[in-house]
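# Need the 3D shape of this:
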Amino acid sequence: MGNRVKDKELEIVKSKEDEILNKEILDIYDKDFEKIGTATRGEIHEKGHIHKVVHCWFEEDTENGKYCYFQQRAMYKSYPGLYGVMVGGHIDSGEDVFEALKREISEEAGIVAKEKNISFINEIFENIVDGDFIDNEICEVYRYKVDEDTVFNPNKEVAKVVRMNEEEYKKCVFGITETVEAEVVAVSNQQGMKEYAVGDKFLINTEDFCEYDRQYVRMVTGMSDDEYFMMEALREAKKAYDKEETPIGAVIVKDGEIIGRGHNLTEHLKDATAHSEILAIKNAAKKLKGWRLFGCKMYVTMEPCVMCCGAIVNSRIREVVIGAKRVKNAKIEKQSDFKKEYFEDSKVEYKYGVLEEECAGMLGSFFKRLR
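Take a look at the predicted model:
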């Protein structure tokens, strides 16, 4: 009997959601983001009209690092049961953006927003197509600083609120790890879901998050260029790891855009030269339609070998960012000294230590698995 009651409740709430799709009126825009009229929310997502939404990324600074907050979407919503940005919603026709933001914070997070805790991040355009659902949205992105007075009381659209270490979250959504530990902060709608209590901790898989562009994650978390591009190199290293190749990855960047990628494939290709750096150089040269990689910068998760140093210099790359150093022994140390001199003589700038712990950790995990 209890389950039938819950199913009936879910059916009622879903019908209300369908009613909103047909009644909620939003402004629509042209490709230059100029307002051209209004339409119902249902029509907007059916025909792909450009419209405006707000997102609010919730962050908390603690003694143990920075934490970010997510809502788990109720089962009757689009992307049911997935974890997404803590607060997000449509801007009604004629509604002020900041007022819409405060309204959504009140409705979804269940808190009265403190304006001093809110800061603007950026405006972005997103295009999402999922079957018949088309989402072309101008997204106004904000940040909310969670403090000791913040008490969440989410509405029924939100199954629960969780928080997690931001560094661990980034590694998970970049595909470097497969799970991240989350802590339950508040609970609302548990229909059709495993029940949790406030304070419970559990693991969330990468595929359980709403899919956000990694550039979006870069923006809301404030990643530096070095951190972002080394994370992309680590994504390549993870591909090698999953193929049981030595996990080293590289990316090549020009004018802020990745133009070359590579990860170790020596075993798969039966090729001693199939190192991540050389494959990334070949990939970039194909993209640029020329072998001279002027103005390019390489990010690589481990110090290049002598062969790859030669390829870097010969390709005219003039800047290299390195994650981890090679395992220390007398022979390697001599090679390292040679490579530094070789780079300096060839006027190649280089630096070590970007995400060194993560880069070294993946290598250590790989060799531990082999033993």
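# can you give me the helices in this protein?
For the chain, helices defined by DSSP state H occupy the ranges 2-23, 41-47, 97-104, 166-173, 214-221, 225-242, 266-269, 276-288, 306-314, 330-345, 356-370.
# lowest-confidence stretch among these?
Among the helices of the chain, helix 2-23 carries the lowest mean pLDDT, at a mean of 49.
# before we move on, the earlier item: rebuild the helices of the chain as a markdown table, extending it with mean neighbour count.
Where C-beta positions appear, they are placed from N, C-alpha and C, glycine not excepted. Compiled in a markdown table, those are given as follows (neighbours: other CB atoms under 10 Å):
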| stretch | mean neighbour count |
| --- | --- |
| helix 2-23 | 12 |
| helix 41-47 | 17 |
| helix 97-104 | 18 |
| helix 166-173 | 21 |
| helix 214-221 | 18 |
| helix 225-242 | 22 |
| helix 266-269 | 13 |
| helix 276-288 | 22 |
| helix 306-314 | 18 |
| helix 330-345 | 13 |
| helix 356-370 | 15 |
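# doesn't residue 90 make contact with residue 107?
No: the criterion here is CB atoms under 8 Å, and residue 107 misses it with residue 90 at 11.4 Å.
# Looking at the two, which is more packed in?
Just comparing residue 107 and residue 90: by other CB atoms under 10 Å the higher neighbour count belongs to residue 90, 20 against 14.
# That one reaches residue 51, doesn't it?
Yes: using CB under 8 Å, residue 90 makes contact with residue 51 at a distance of 6.8 Å.
# Could you pull out the residues contacting both of those two?
residue 26 (CB atoms under 8 Å, 6 or more residues apart in numbering).
# Identify the spatial nearest neighbour of residue 323, chain neighbours not counted.
In space, and not counting its chain neighbours, residue 323 is closest to residue 359: 3.1 Å by CB to CB, 6 or more residues apart in numbering.
# was I right about the one you found contacting residue 301?
Yes: Residue 359 lies in contact with residue 301 (CB under 8 Å); the separation is 4.2 Å.
# what is in contact with the two at once?
Common neighbours of residue 359 and residue 301, using CB under 8 Å, 6+ apart, are 230, 234, 237, 323, 324.
# Next, the contact list for the fourth one, please.
Contact analysis of residue 323 by CB under 8 Å, 6+ apart lists 230, 233-234, 299-302, 352-356, 358-360.
# Show the contacting residues for the residue nearest to residue 323.
Neighbouring residues of residue 359 by CB under 8 Å, 6+ apart: 230, 234, 237, 301, 302, 323, 324.
# tell me the domain boundaries of this protein?
25-221, 225-370 (the TED database).
# The closest residue to residue 117 other than its chain neighbours bridge partners, please.
Closest residue to residue 117 apart from its sequence neighbours, by CB to CB, 6+ apart: residue 145 at 4.5 Å. As for beta bridges, residue 145 partners with residue 59 under DSSP bridges.
# Which pLDDT value belongs to residue 145?
For residue 145, the model assigns a pLDDT of 97.
# From residue 94, how far off is it?
Taking CB to CB, to the nearest Å as the measure, residue 145 falls 29 Å from residue 94.
# likewise residue 312?
Going from residue 312 to residue 94 by CB to CB gives 56 Å.
# Please apply the same query to residue 290.
Residue 290 is 53 Å from residue 94, where distance means CB to CB.
# same thing with residue 278?
Distance of residue 278 to residue 94, given as CB to CB: 57 Å.
# Could you do residue 270 as well?
65 Å.
# And residue 64, by the same measure?
To residue 94, residue 64 is 44 Å away according to CB to CB.
# all strands of the stretch 1-150 of the chain, in order?
25-29, 35-40, 50-62, 65-73, 83-85, 87-90, 118-130, 133-145 (DSSP state E, counting those that start in this stretch).
# In the fifth one, which residues are buried?
Spelled out, that is strand 83-85. 83, 84, 85 (16 or more other CB atoms under 10 Å).
# I would like the residues contacting it, please.
With contact meaning CB under 8 Å, 6+ apart, strand 83-85 is reached by 55-57, 70-73, 162, 182, 204, 208-210, 212, 220.
# pLDDT-wise, what's the bottom of those residues?
Among the contacts of strand 83-85, residue 212 carries the weakest pLDDT, at 86.
# For stretch 267-281, measure first residue to last.
In stretch 267-281, first residue to last residue: 19 Å (CA to CA, to the nearest Å).
# Turn the shared contacts of residue 359 and residue 301 into CSV, columns for distance to residue 152.
CSV is the format used below for these (distance: CB to CB, whole Å):
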residue, distance to residue 152
230, 34
234, 32
237, 37
323, 37
324, 39
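# Now residue 275: phi and psi?
Dihedral pair for residue 275: phi -80, psi 160, per degrees, to the nearest 10.
# thinking it is in contact with residue 307, fair?
Yes: contact criterion CB under 8 Å: residue 275 and residue 307 qualify, at 7.0 Å.
# Fine by me, thanks again.
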